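Participant: Give me coordinates for this.
(one chain, ligands or ions: 2)
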Amino acid sequence: MAVIDRAVLEGVLAYLREHYPAACRHWFSEIEIVDVIDGTLHLLVTEDVRRRYLQRQCIDAFTEAAQSVTGRLLPVSFVGEVPQIETSMPGGVFKHQDDGGEDEILLSPDYTFDTFVVGPDNRLAHAAALAVAEQPGRAYNPFFIHGGVGLGKTHLLQAICQTAMRTNPDMRICYISCNSFMNNFMDAVQEGKMKDFRHRFRTYDVLVVDDIHDITNRGPSQEEFFHTFNSLYQSGRQVVLSSDAPPNEIPDLEERLTSRFNSGLVAPIEKPCYETRVAILKSKATLRGIDVPDEVAGYVAARVDSNIRELEGALTTLQSLAKIDSREIDLALAKQCIGGQAQVDSSAQVSVSVQSILDTVSGFYGLRVGDLLSKRRQRSIALPRQIGMYLARRHTRFSLGEIGGYFGGRDHTTVMHAIKTIDGKRVNDDGLDRDLVRLEEALTGQDAI
Ligand code: ADP
Ligand code: MG
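Facilitator: Ligands and ions are numbered 1, 2, ... in the order given. Coordinates of the predicted model:
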């Protein structure tokens, strides 16, 4: 008999919407409650990619929510099926992973064809991606997508994987970043496991390598990738690649790879036009379960035009501001939000990179960059970390969520909290204020007074 009912789950979801709005997705409503088994709340999420996303990114938030709703410590576990027997099934039910988990593909449930907005700027890439996903190895091989940062390459690549997995459940599909491919290769060389490496990468039915432009200047890796490519291609397996430039314009790419990459379909993704930007903003809002009126979407899309990640950043900021002030997302709020960004931009005449902030702050406080990215909470580390986030907000154009990402994968609310904390302390603490002035001077290259 169930000891826990649906109301608990409703409570948990309400708590998450309140405290972790950016992590929420509209499909959370499809999560089902199983029961409390061995002191753990089991939640049913049948779709693999969604379940992994929850397990990877949301487990702490769910556990916190469950604790708040039930008033007791109640760890949460996401399972793919209802456990058959009464005995415990710790840690959720996952598909068997061979090779120590190397085969696990980490895909974002946000990156599907359903959520991809098609416009004149990405129509070809989208249509071809769909064809490839439905008939891997038969439509276009290799399939090569290129375009600038934040224009949807990773989204399309992952959508291909998710659709191919669904339509061809028996296929072995690998999504990997180029860097990760090269690291795997180097490890294999060092550990004398090249045989395993080759067996693994030359037997996939679909190999999807993101950001292949990273392969430049890595001679032995290029060589290995060339052979991997040939082997897959010759046996009719699908190869999908993305890059920030077309094959001919990737610097230091060997000619034989350039010509291989050009031999299938090469599809560009251009910067999105205004209409596409509006549609994307609305789609992202729906995905997060928030309401953005047309006039707001239009206002934001007209002003944020560099890439889609920035557009999403603007949405996150809007969502956060609306939450802090407990108000609706409306035009006035959008003006305040985007206006604020413009102010920050003009005050930061010199563009500063997050890396230089990490370097400067860690150097200043005698820490390692790794400390700032770590989970350690002692004050000697936590304060410099908050200072770093504060400086990143003031001197870069990154959104709260993106800054959180750079600082060890933290949530945008953590960044928001850091900014508020430092803002507050700066007023009363002369020592801190002086440190900040010196840090900012170091970052922007002005001489100390
Ligand atoms: P890239 O890999 O080209 O740098 P991403 O695929 O990571 O870019 O896209 C950045 C963000 O923009 C992602 O959140 C992605 O979902 C979103 N995005 C890009 N293009 C579209 C689109 N056409 N429709 C919906 N979302 C998009
Ligand atoms: Mg990408």
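
Participant: For the rest of this, base every contact and every neighbour count on C-alpha atoms.
Facilitator: Noted.

Participant: Ligand 1 contacts on this structure?
Facilitator: 111, 115-118, 149-155, 280, 308-309 (CA under 6 Å from any ligand atom).

Participant: do that again at 5 Å, thanks
Facilitator: 116-117, 149-155, 280, 308-309 (CA under 5 Å from any ligand atom).

Participant: Show only the entries of those residues found in helices.
Facilitator: Secondary structure from DSSP state H places 153-155, 280, 308-309 of those in helices.

Participant: hang on, the earlier thing: confidence-wise, which of the residues of the chain next to ligand 1 comes last?
Facilitator: The lowest pLDDT within the residues of the chain next to ligand 1 belongs to R309, which sits at 87.

Participant: Now render the ones in helices among the residues of the chain next to ligand 1 as CSV, adding neighbour count.
Facilitator: Output for those, formatted as CSV (neighbours: other CA atoms under 10 Å):
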residue, neighbour count
K153, 26
T154, 23
H155, 19
I280, 23
I308, 21
R309, 17
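
Participant: Which of these sits closest to P251?
Facilitator: Closest approach to P251 among these (CA to CA): K153, at 19.4 Å.

Participant: My guess is that closest one contacts S242. True?
Facilitator: Yes - judged on CA atoms under 8 Å, K153 makes contact with S242 at a distance of 6.4 Å.

Participant: Overlap in contacts, the two.
Facilitator: 145-146 (CA atoms under 8 Å, 6 or more residues apart in numbering).

Participant: Kindly provide the distance from R309 to I160.
Facilitator: As judged by CA to CA, to the nearest Å, R309 and I160 stand 20 Å apart.

Participant: For I176, list each beta-bridge partner.
Facilitator: I176 forms beta bridges with V209, as assigned by DSSP bridges.

Participant: I'd like to know which elements the one helix or strand T163 maps to is packed against.
Facilitator: Element membership for T163, per DSSP states H and E: helix 153-167. When contacts are defined as 3 or more CA pairs under 8 Å, 6 or more residues apart in numbering; DSSP states H and E, helix 153-167 packs onto helix 123-134, strand 173-177, strand 206-210, strand 238-243.

Participant: Need the CA coordinates for that helix. PDB is fine.
Facilitator: What follows is helix 153-167, C-alpha atoms only, in PDB (Å, rounded to 0.1, in the frame of the first residue of the first chain):
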ATOM      1  CA  LYS A 153      24.600  23.100 -33.400                       C
ATOM      2  CA  THR A 154      24.700  21.100 -30.200                       C
ATOM      3  CA  HIS A 155      20.900  21.200 -30.000                       C
ATOM      4  CA  LEU A 156      20.600  19.700 -33.400                       C
ATOM      5  CA  LEU A 157      23.300  17.100 -32.800                       C
ATOM      6  CA  GLN A 158      21.600  15.900 -29.700                       C
ATOM      7  CA  ALA A 159      18.200  16.000 -31.300                       C
ATOM      8  CA  ILE A 160      19.600  13.600 -34.000                       C
ATOM      9  CA  CYS A 161      20.800  11.200 -31.200                       C
ATOM     10  CA  GLN A 162      17.500  11.300 -29.300                       C
ATOM     11  CA  THR A 163      15.400  10.700 -32.400                       C
ATOM     12  CA  ALA A 164      17.700   8.000 -33.700                       C
ATOM     13  CA  MET A 165      17.700   6.300 -30.300                       C
ATOM     14  CA  ARG A 166      13.900   6.300 -30.300                       C
ATOM     15  CA  THR A 167      13.400   5.100 -33.900                       C
END
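
Participant: Name the residues of that helix that come out as buried.
Facilitator: For helix 153-167, a neighbour-count test (16 or more other CA atoms under 10 Å) marks 153-165 as buried.

Participant: cool, stretch 226-245 as well?
Facilitator: 228-233, 237-245.

Participant: One more: stretch 178-197?
Facilitator: So for stretch 178-197, counting by 16+ other CA under 10 Å, buried means 178-179, 181-182, 184-186, 188, 194, 197.
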